[in-house]
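K.L.:
Provide a 3D model corresponding to the input given below.
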Amino acid sequence: MFRKQISLILILVFALSFAQTEYKTESNISYYPEKIGKTDTYISSQCKLNFYYPTNVKNFSTVIWFHGGGLTGGNNELPKELLNENIAVVSVEYRLAPKVKAPAYIEDAAAATAWVFENIEKYGGNKNLIFQSGHSAGGYLAMMITLDKKYLQKYKIDANQIAGLIPFSGQAITHFQVRKEQGIPELQPTIDQYAPLFHVRKDAPPIVLITGDRELELFGRYEENAYLARMLKLVNHPSVKMLEEDGFDHVAMAKPGFPLLLKEIRELSKKIKTQKNLE
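P.N.:
Reported below is the predicted structural model:
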């Protein structure tokens, strides 16, 4: 009898060790309320998200990914490097210049984030484990809605509920497209309400800034992020780090950035789960 019990236990352990996480993708989900889409055709056609999530995992982490493209272009694709990693991935399409001007695309990023907060638990995820990320312009959007709390306050969400901000080469000063809309040349730096740097605060969520090689990056992207990291440390932000990818330019840095992103998500998620007893 004892041997049979041991055998059954071993079979169960063996089966569980080979259990596969199953995933589902839902595409072209409108993240604004239907009534807004009816009155704004561009919102109706453009403001969509793709949602990839594990179906047989509970309390999973979610990363919201905003694509790059200078706020004027880019593709809304689920990054393949983030798939099959026991997390959910939300890729967001947003309105683009010149059809709209600031802060429309920032407002879209906030609306998409609000959709995730409002819906993720219906799918088995946990809203304590929602991360913000994106490349270039997408990193800028993630930084803006995390550091400037007013965008998410519209949806009664405290930006400090975000589990972590991990942008790839995001612009920390006022984005060059926003400056263009203001009649300012792209190489004339400014810091105003549309700059993540303007909203430095001690109580922001954990922040990991990832950039390419300082000598190969676009414009002064490394230096902008280094300044943001320094200012966050000066206001005594408790959890900020900066990672520079030697030898990688602004575009190429994305590929080696994904393993760094996953590592940070796993470490921060483990810490939060321990603190909130979510296991």
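
K.L.:
what's the neighbour count on Asn236?
P.N.:
Burial measure for Asn236: 8 neighbouring residues, criterion other C-beta atoms under 10 Å. In this view, the C-beta of every residue, glycine as well, is placed from N, C-alpha and C.

K.L.:
Excluding sequence neighbours, find me the nearest residue to it.
P.N.:
Lys202 (5.2 Å; C-beta to C-beta, 6 or more residues apart in numbering).

K.L.:
Also Gly138?
P.N.:
In this structure, Gly138 finds its nearest non-sequential neighbour in Phe66, 3.2 Å apart by C-beta to C-beta, 6+ apart.

K.L.:
Which residues are in contact with the one you found?
P.N.:
In this structure, Phe66 makes contact with 92, 94, 109, 133-135, 137-139, 141-142, judged by C-beta atoms under 8 Å, 6 or more residues apart in numbering.

K.L.:
need these in CSV with distance to Pro185, secondary structure and pLDDT, can you?
P.N.:
As requested, the contacts of Phe66 are exported to CSV (distance: C-beta to C-beta, whole Å; DSSP: H, G, I helix; E, B strand; the rest coil; pLDDT from 0 to 100):
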residue, distance to Pro185, secondary structure, pLDDT
Val92, 29, strand, 98
Tyr94, 25, coil, 98
Ala109, 25, helix, 98
Ser133, 29, strand, 98
Gly134, 25, strand, 98
His135, 24, strand, 98
Ala137, 18, helix, 98
Gly138, 23, helix, 98
Gly139, 22, helix, 98
Leu141, 22, helix, 98
Ala142, 25, helix, 98
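
K.L.:
Mind checking which of these are buried?
P.N.:
The neighbour-count criterion (16 or more other C-beta atoms under 10 Å) marks 92, 94, 109, 133-135, 137-139, 141-142 among the contacts of Phe66 as buried.

K.L.:
which one among these gets closest to Thr39?
P.N.:
Out of the buried ones among the contacts of Phe66, the one with the shortest distance to Thr39 is Tyr94. That distance is 17.8 Å, counting by C-beta to C-beta.
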